[in-house]
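> let me see the structure of the following:
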Amino acid sequence: MEHEKEKEQDKTSHSGAVAVFDLQSVLPCPTAQSSKFYYVSKLSVFNLTVFDLKSNEVQCFVWHEGEANRGANEIGTCLMRYFNFLSDKYKTNGDQEEDELEIVLFSDNCAGQQKK
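Predicted coordinates for the structure are as follows:
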């Protein structure tokens with residue numbers, strides 16, 4: 001697949017990152033086996049996970065429905081925070097000589113994750 005090709009190319013290159021990201025299905029909170037919780041309104045919790053194929057590092061961005069929805073703006077905010085994390089990481093390691101950092105992302109293209 002294409003992400004495997006990018007991963008192999010990235011191993012030979014010391015700059016940049018190749019990552020995959022996905023928004024997990026809604027997590028109801030609390031969860032229990034008891035029938036007492038059946039009619040109780042549950043809080044919807046969202047989790048966007050970004051996995052770096054080069055370093056095998058994982059970043060999870062978790063929020064609940066009281067903070068925000070799970071639309072394109074929220075996904076974009078999570079990815080922007082991930083980009084800031086990568087920028088700080090590469091500056092700290094001294095791996096990046098230039099001001100540019102190449103980042104390749106893959107997703108399953110669900111509605112809230114559409115890119116332009």
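> for this protein, longest strand please?
Counting residues, the longest strand found in the chain (DSSP state E) is strand 43-52.
> any idea how far it is from the chain center?
7 Å (Cα atoms, centre = their mean, to the nearest Å).
> buried residues in the helix or strand that it is followed by?
Where DSSP states H and E defines the elements, the next helix or strand beyond strand 43-52 is strand 58-64. Neighbour-count burial for strand 58-64, with 16 or more other Cβ atoms under 10 Å as criterion, is recorded at 59, 61, 63. Glycine gets a C-beta too; all of them are placed from N, C-alpha and C.
> residue 106: which of the residues you listed is nearest?
Of all the buried residues of strand 58-64, residue 106 sits closest to residue 59, with 14.9 Å by Cβ to Cβ.
> wait, isn't that closest one in contact with residue 82?
Yes - taking Cβ atoms under 8 Å as the definition, residue 59 is a contact partner of residue 82 at 5.6 Å.
> brilliant, that's me finished.
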